[in-house]
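Engineer: what's the 3D shape of this:
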Amino acid sequence: MTFPSHDQNTAPEASKPLLEESQKAFGRLPGLHKVLAESPQAYEGYQVLHKLFTETEFDAEELTVVWQSINVENECHYCVPAHTGIAKMMKVSDEISDALRNETALPTPKLEALRTFTVQMVRNRGFVSDTQMQAF
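Structural biologist: This next block holds a predicted model:
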C-alpha cells in the first residue's frame, strides 16, 4: 500500500498552511510531511507533538539520541538519514550521529543511558521494569 504524497497544489486545503510551515522550517518539504498532508488532523498532531518534544529540557544531543535510537531500533531507512541531517543542523557532532547509526558506544555515560532506556521503552512498548527505571 502506498500513501499519497502531496505538495501545495494537491494537498487538502487545511494542510496547505502546514506544508508552508514545513517548507519555511526545512527549506523543502520532507517526504513524511507530504504524506501526512493527506490528513490535516494527523499532520497537525504530528507538528504539535514534535514542538512539545523539542520544548522539553533535553538538549540537541539528547533529542538526537532519543529520535535516532527509535529510528535505528525500528530500522527506519527514511528516518535515520533524515534525523542525521537534522542533527547536523542542530550542530550535534558526527561522533554522536555515527555511534547512534552504528549502535556503538556513545561518548558519555549519560547519553548511553538515555539510548539504552529509549530502546527499552520501544522494545517493551512503554513498559519498563522498576530495575530498568532505577538504572536509568
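
Engineer: which residues are in contact with residue 29?
Structural biologist: Residues counted as contacts of residue 29 (CB atoms under 8 Å, 6 or more residues apart in numbering) are 7, 19, 22, 23. Where C-beta positions appear, they are placed from N, C-alpha and C, glycine not excepted.

Engineer: need the max-distance pair from these.
Structural biologist: Pairwise distances across the contacts of residue 29 peak at 10.8 Å for 7 and 22 (criterion: CB to CB).

Engineer: buried residues, the helix or strand where residue 120 lies. List them.
Structural biologist: In the assignment (DSSP states H and E), residue 120 maps to helix 109-123. Buried residues in helix 109-123, counted by 16 or more other CB atoms under 10 Å: 111, 114, 115, 116, 117, 118, 120, 121.

Engineer: closest to residue 76 among these?
Structural biologist: Distances from residue 76 to the buried residues of helix 109-123, taken by CB to CB, are shortest for residue 118, at 14.0 Å.
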